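Undergrad: pasting the sequence and the predicted model now:
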Amino acid sequence: MPEEALSGPELESLQSTLLREAVAFARRRSPFYMAHFPRFDDPDSPSWGLPEFRTLPTTGKDDLVRFNPDFLAVDRSHVADIVATSGTTGRPIQFFLTARDIERLAENERQSFLCAGVRPGETYHLAVSLDNMFVAGLAYFSGLVRIGAAAVRQGPGNPLRHVQLLREIRPAGIVCVPSFMLELARVAEREGIDPASLGLKRGIFVGETIRNGDFSPNALGRRIAADWGIRLHSSYGATEICTSLTECGHGRGGHLHPTLMYAEILDERGRPLPPGEAGELVVTTFGVEAMPLVRYRTGDVSFFETDPCPCGRTTPRLGPILGRQTQMIKLKGAQIYPGQVEDCIREMPEVLNYQIEAYTGDDYADRLRVFVGAAPGSDGIVDLLREKVRARARVTPEFVVLSPDAVQERLFAGGSRKARRFVDHRRAPA
């Protein structure tokens, strides 16, 4: 797309115009922003630009929970679809979309999939939900159709059925949560099938990171590549921002779509950080009618990569998600994110599933407990895990070995539609 190859000044000019339009629309149409923006400079002023934009307050998930209906910027008669966040990090939040918002979703995924190398006439296996108010499955399907590719809408669950379909249809690629690929590989091998023989060429992975901070594949990414022999593409997205960012074939971060969103990386005090420095991803949506967001704090910690990409796109790229802002754990002076522990666990094929739990100890300090579902005969696995985590993350969590079925029950407790691999039971400070 032409806007993906703009020079720095051209890109800034384009996004300044789109920011002015987005803030003006939210200020006129969204009851929440009507109440919060009047004391700030009018975006319709000719002098309004990025400096004025950065004085605007950020919007948080707590705002969406408390004032959810006040974010609706259109009459309810224009709402075409109602979706919701998964609720894995808190109370689910409802989001409304107009028909044009659904078209925007499809266009976003068209751009993301093209960036990843999807081409017309190919077939892609969708192992994600298209029901239960889940927006991403709808977006992926619509984006593939818009490209001219075919979709196999199997959804999550029933790994054996997935393996059967992969063998029968032989799609070019798959879209799924990356840890599901490990389950599919185990099922295929149990059936006497080499996963690499099923013909997949590309995996577009959502919901979990497959890369380290230096863009090398992490333990999960390495295991998928070894099992399947496919190209790995990480894709970041969130229900609230109605946008996703997907890696090109060079795997150096998800390319931003400059006409669909404006992204910032901010420190804990709300100050912009330079490329390469990690902070919270903050997003302003462009072209969203029903529930536009201005300076929305996603809670995800990442960084921008701005070195030239060999693919020719000049847009900044979003690095791997390093963790959630609220999930940082302090253990005996060390600060870690659950992902650092997960990477150690995933290096061990004996671990079939797991859940990490943060809680507050009797001394009011953070504590970490890991429930591990291990294969039969995995004696000594706790000692191995403890040694790996201590060497890599400089902390020693408590490990509890359970049956894989018992861990599975914990992962989906309360009817969660996503596996809750991290649960936070820490007490709020008094």
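TA: In hand now; what should we look at? This structure is a prediction, so every number in the text was calculated from the model and none was measured. Numbering: from 1, shown residues only.
Undergrad: lowest-confidence helix or strand of this protein?
TA: Within the chain, confidence by mean pLDDT, DSSP states H and E is lowest for strand 334-336 among all helices and strands, at a mean of 77.
Undergrad: mind listing what R28 touches?
TA: Listed by CB atoms under 8 Å, 6 or more residues apart in numbering, the contact set of R28 reads M34. Placement of C-beta: from N, CA and C, glycine included.
Undergrad: host element of it?
TA: helix 8-29 (DSSP states H and E).
Undergrad: which strands or helices does whichever helix or strand comes after that helix pack on?
TA: Of the helices and strands lying after helix 8-29 in sequence (DSSP H and E), the nearest is helix 31-36. Counting contacts by 3 or more CB pairs under 8 Å, 6 or more residues apart in numbering; DSSP states H and E, helix 31-36 is packed against helix 8-29.
Undergrad: thought A238 was touching L293?
TA: No: between A238 and L293 there is no contact under CB atoms under 8 Å: 10.2 Å.
Undergrad: list residues touching both of those two?
TA: What both A238 and L293 touch, as defined by CB under 8 Å, 6+ apart, is the set V283.
Undergrad: these two: which is more packed in?
TA: L293 (26 against 18; other CB atoms under 10 Å).
Undergrad: does the more buried one touch T58 like I think?
TA: No: in this structure L293 lies outside contact range of T58 using CB under 8 Å: 10.0 Å.
Undergrad: domains of this structure?
TA: 2-98+246-320, 103-239, 328-425 (automatic domain parsing).
Undergrad: from those, which stretch is densest packed?
TA: Sort the domains of the chain by mean neighbour count, taking mean count of other CB atoms under 10 Å, and domain 103-239 sits at the top with a mean of 19.
Undergrad: can you give me the end-to-end span of that one?
TA: In domain 103-239, first residue to last residue: 15 Å (CA to CA, to the nearest Å).
Undergrad: mean confidence (pLDDT) on that domain, please.
TA: Average pLDDT, domain 103-239: 95.
Undergrad: how about stretch 272-291?
TA: Mean per-residue pLDDT for stretch 272-291: 96.
Undergrad: next one: stretch 66-78
TA: The average pLDDT for stretch 66-78 rounds to 96.
Undergrad: now stretch 384-399: how far from the chain's centre is it?
TA: 26 Å (CA atoms, centre = their mean, to the nearest Å).
Undergrad: can you map out the strands along the stretch 51-200 of the chain?
TA: 79-84, 94-98, 123-126, 150-153, 173-176 (DSSP state E, counting those that start in this stretch).
Undergrad: any idea which of those strands gets closest to H425?
TA: Closest of the strands of the stretch 51-200 of the chain to H425 is strand 79-84, at 23.5 Å (criterion: CB to CB).
Undergrad: what pairs with that closest one, parallel or antiparallel?
TA: strand 94-98 (antiparallel) (DSSP bridges).
Undergrad: got any ranges where the stretch 251-400 of the chain has weak pLDDT?
TA: Across the stretch 251-400 of the chain, residues meeting the criterion (pLDDT under 70) sit at 333.
Undergrad: distance-wise, check the residue lying closest to G199 once chain neighbours are set aside relative to L200.
TA: Leaving aside its sequence neighbours, G199 sits nearest to R170 (CB to CB, 6 or more residues apart in numbering; 4.2 Å). R170 sits 8 Å away from L200, going by CB to CB, to the nearest Å.
Undergrad: same check, this time on E268
TA: For E268, the distance to L200 equals 41 Å [CB to CB].
Undergrad: ranges for the helices of the stretch 51-200 of the chain?
TA: For the stretch 51-200 of the chain, helices defined by DSSP state H, counting those that start in this stretch occupy the ranges 61-66, 99-116, 135-147, 159-169, 178-190.
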